[in-house]
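Got a predicted model here, sequence first, then my questions.
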Amino acid sequence: MALRTEHEIHGRRRSRNVGLGIVLLGFVALVFALTVVKVQEGGLVEGYDHQPRVSLTPIEPQAATNAPAPAPEVPE
């Protein structure tokens, strides 16, 4: 059985596949780097489509009287 030489179309196809593989590896590296930076930054994990968070600490209501709030004291 004789070995056949490679046709030129196979060489071109291989070089395109290698180029596409390099581009895909670059994209994966970019996404990985962005993910590492985001995790190390320690920011919010939520996306921008969420509603803003509200405070979980209760707000102390003012006195339930109809009296106006006391005026601030003025130092003499």
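Arrived safely. Numbers count the residues shown, from 1 in each chain.

can we go C-alpha only for contacts and neighbour counts from here?
Will do.

Quick one: low-confidence residue ranges for the chain.
Scanning the chain for pLDDT under 70 picks out the ranges 1-2, 43-56, 61-70, 76.

Now do the phi/psi pair for residue 58.
Dihedral pair for residue 58: phi -70, psi 150, per degrees, to the nearest 10.

Can we start the residue count at 18 from this point?
With the count now opening at 18, the last piece we talked about shows up as residue 75.

That one - how many residues pack around it?
6 (other C-alpha atoms under 10 Å).

Repeat that for residue 55.
13.

what separates residue 36 from residue 42, distance-wise?
Distance of residue 36 to residue 42, computed by C-alpha to C-alpha, to the nearest Å: 10 Å.

where do the helices sit along this protein?
25-58 (DSSP state H).
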